[in-house]
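Asks: Sequence first, predicted model second:
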Amino acid sequence: MEKLGKIVGKFVSGDKIQVSPLGAGHINDSYKVSVDGKEYVLQRINHSIFKNIPELQNNILRVTSHIRKKLLKKGVQDVERRVLNLIAAQDGLLYHEDESGNYWRLMDFIKNSTSFDKINPELAGKAGEAFGEFQNMLADLHGGPLYETIPNFHNMESRLDTFWDAVRQNRAGRFFEVYDLVQEIEKRVDEMCLPEKLHREGRLPKRTNHCDTKVNNLLFNAEGTEVLCVVDLDTVMPGYVLSDFGDFIRTGANTGAEDDTNLDNVSIDLRIFEAYTNGYLTTAKDFLTGTEIDNLALGAKLLTYMQTVRFLTDYLDGDIYYKIKSTKHNLERSLAQFKLLQSMEENYAEMQTIVDIAVNNANK
Ligand code: GN1
Ligand code: MG
C-alpha cells in the first residue's frame, strides 16, 4: 500500500501532513488527516464490496450537491457542517487508485461533531427528523434513480438466497453449531419477505434511501444536542423507507450493543422507538403512503432479522465480509440481533400502536 501521506498528496498539497485512524465502521478504513492545519477524512473504500467506485462516488456527488443546494436555498447557516464535501483528486477524479489497486477518497472533516452508539429519546426524536428530512430533500433528485452500489442490498429474498447457499456450502464447517438459529430464521421467511411481494404488486415504492441509517452514521454537534449531518453515503440508493426506519431502530433503540455477548442487555427500548417515530413522521408524513406507514414497525423487525441473517451468513462463510475482532464475532453479532428481534416480536403490538398514535399527532 502506498504511504498514506503520499495518497493525501494526490488530492491536496501541503508541507505538514498528519494521519491517524478514525471511527469503527465494519467495511471501509477511515483516517483523520491534517494538512497544514486543515482537517480531512481519508477513506480506503472497500473495493471487494463496492465494485464500481466511479459510480459510487458519482452517487455521493449527486446526493451531496443536491442537498447543499437545498440548504443554501433555505438559508441554513453553517452549510459546510451540514453536508459532506468530497474533494476531487488533482487529476479531477473523485477518487484515487493507488499502485496496489486500492481506492481512496478525501472529504472535508466536519469540525466539532460527535456521534453516538446509544442515544436518549430526545436525540432519537431529532434523529428521526433528520433522516425524514434527508429522504424528503432527496425526493426530487434529478437525473434518474441512483446507481445501486450493492445490487439487492436490502432485498430480503436475495439475502436469504445467499444465506441458504452458505448453509449448503458450509464453507467453514460451522453449520452444526448454528443449527438452532438457522431454524429460527427459516420460521420467519414469509413474514420477512412481505415487502418484496408488496413491491412486485406495485403497492410499496422505492425511494432514495440512505440504506445504512445506523445511529452512528449521524453526526451531532459537539454538545450532542443537535443533528448536524448524515454521513456514510456509500449505500444511498433506491430502497423502501421501512428499511431506513428499521435500521435506525435496530441500532438506536437497542438497550444493548450490536454484538453484545450478554443477551440480557439486549432489548427494544420503546421510548426511543416512540421518539424516533414521532420525529420521523414530522418530516416524512407528507410523502409517505398508507402502505409505507403501515409497514414501518415491520421494518424494525425486518432489518434486525436481515442483520441476523447477514452476520450468520458471514460466520458460515468463514468471515469474509465484515471486519471481526474475534473468531466468534459474527456469531455473537448474529445472536445479539436475534435476541433483539425476539424482543421486538414480544412488543410488536405496542410498536404498531405507537406508529398509529404518531401518525395522528403528525396530522394534527
Ligand atoms: C456495515 O459501514 P458500516 O459499518 O456503517 C454494513 C451495513 C450493516 C452494518 C452492520 C456496506 O455498515 O449494511 O448494516 O455494517 N454496510 C455494508 O452494523 O454492508
Ligand atoms: Mg458507518
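Replies: Right, received. Where do you want to start? Ligands and ions are numbered 1, 2, ... in the order given.

Asks: So which residues of the stretch 151-300 of the chain form helices?
Replies: Counting by DSSP state H, counting those that start in this stretch, the stretch 151-300 of the chain has helices at residues 156-169, 179-187, 189-192, 194-200, 241-252, 270-284, 290-294, 296-317.

Asks: To ligand 2, which of these lies closest?
Replies: Checking these against ligand 2 by C-beta to the ion gives helix 241-252 as the closest, at 9.9 Å. C-betas here are computed from N, CA, C, even on glycine.

Asks: Tell me the residues of the chain that contact ligand 2?
Replies: Counting by C-beta under 5 Å from the ion, the residues of the chain close to ligand 2 are 25, 217, 232.

Asks: quick one, what contacts the residue lying closest to Asn330 once chain neighbours are set aside?
Replies: The spatially closest residue to Asn330, leaving aside those adjacent along the chain, is Tyr315, at 3.9 Å (C-beta to C-beta, 6 or more residues apart in numbering). For Tyr315, the contacting residues are 172, 174, 178, 328, 330-331, 334, by C-beta atoms under 8 Å, 6 or more residues apart in numbering.

Asks: Of those, grab the buried ones for ChimeraX.
Replies: Command for ChimeraX, covering only those of those found buried under the criterion 16 or more other C-beta atoms under 10 Å:
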select :174,178,328,330,331,334
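
Asks: Can you tell me which of the contacts of Tyr315 is nearest Thr114?
Replies: The closest of the contacts of Tyr315 to Thr114 turns out to be Asn330 (C-beta to C-beta; 28.3 Å).

Asks: these two touch, right, the closest one and Asp314?
Replies: Yes: when contacts are counted by C-beta atoms under 8 Å, Asn330 is listed as touching Asp314 (4.8 Å).

Asks: so what pLDDT did Glu2 get?
Replies: We have a pLDDT of 60 for Glu2.

Asks: Torsion angles phi and psi at Gly5?
Replies: Dihedral angles of Gly5 (phi, psi; degrees, to the nearest 10) stand at phi -60, psi -40.

Asks: Not counting sequence-adjacent ones, nearest residue to it?
Replies: Spatially, and ignoring its direct neighbours in sequence, Gly5 is nearest to Ile17 (4.5 Å; C-beta to C-beta, 6+ apart).

Asks: Neighbours of the one you found, how many?
Replies: 19 (other C-beta atoms under 10 Å).

Asks: Count the neighbours of Arg62 for me.
Replies: Neighbour number of Arg62 under other C-beta under 10 Å is 19.

Asks: Show the contacting residues for it.
Replies: 141, 143, 146.

Asks: Let me see the ranges of the strands in this structure.
Replies: 17-22, 29-35, 38-45, 86-87, 96-97, 103-108, 113-114, 207-209, 218-221, 227-230, 237-239 (DSSP state E).

Asks: Now tabulate these in a markdown table and tack on mean pLDDT and distance to ligand 1.
Replies: Listed next are the strands of the chain as a markdown table, based on pLDDT from 0 to 100; distance: least, C-beta to the nearest ligand atom, whole Å:
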| stretch | mean pLDDT | distance to ligand 1 |
| --- | --- | --- |
| strand 17-22 | 94 | 13 |
| strand 29-35 | 96 | 10 |
| strand 38-45 | 97 | 10 |
| strand 86-87 | 98 | 17 |
| strand 96-97 | 97 | 20 |
| strand 103-108 | 98 | 14 |
| strand 113-114 | 94 | 16 |
| strand 207-209 | 95 | 12 |
| strand 218-221 | 96 | 11 |
| strand 227-230 | 96 | 12 |
| strand 237-239 | 95 | 11 |
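
Asks: just the helices in the stretch 1-150 of the chain please.
Replies: Going by DSSP H, counting those that start in this stretch, the stretch 1-150 of the chain shows helices at 4-9, 53-74, 121-138.

Asks: among those, which is nearest ligand 1?
Replies: helix 53-74 (10.4 Å; C-beta to the nearest ligand atom).

Asks: gap between the closest one and the chain center?
Replies: The chain centre lies 17 Å from the centre of helix 53-74; the measure is C-alpha atoms, centre = their mean, to the nearest Å.

Asks: send the alpha carbons of stretch 256-271 over as PDB?
Replies: Extracted as PDB, the C-alpha positions of stretch 256-271 are listed here (Å, rounded to 0.1, in the frame of the first residue of the first chain):
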ATOM      1  CA  GLY A 256     -27.500  -3.400  24.400                       C
ATOM      2  CA  ALA A 257     -24.800  -3.400  21.800                       C
ATOM      3  CA  GLU A 258     -25.000  -4.700  18.300                       C
ATOM      4  CA  ASP A 259     -22.600  -7.500  19.300                       C
ATOM      5  CA  ASP A 260     -23.500  -7.800  23.000                       C
ATOM      6  CA  THR A 261     -22.400 -11.100  24.400                       C
ATOM      7  CA  ASN A 262     -24.700 -10.600  27.400                       C
ATOM      8  CA  LEU A 263     -28.000 -11.200  25.800                       C
ATOM      9  CA  ASP A 264     -29.800  -9.900  28.900                       C
ATOM     10  CA  ASN A 265     -28.600  -6.400  27.900                       C
ATOM     11  CA  VAL A 266     -30.400  -6.600  24.600                       C
ATOM     12  CA  SER A 267     -34.000  -5.500  24.100                       C
ATOM     13  CA  ILE A 268     -36.000  -2.900  22.300                       C
ATOM     14  CA  ASP A 269     -36.200   0.500  24.000                       C
ATOM     15  CA  LEU A 270     -39.800   1.600  23.300                       C
ATOM     16  CA  ARG A 271     -39.100   5.100  24.500                       C
END
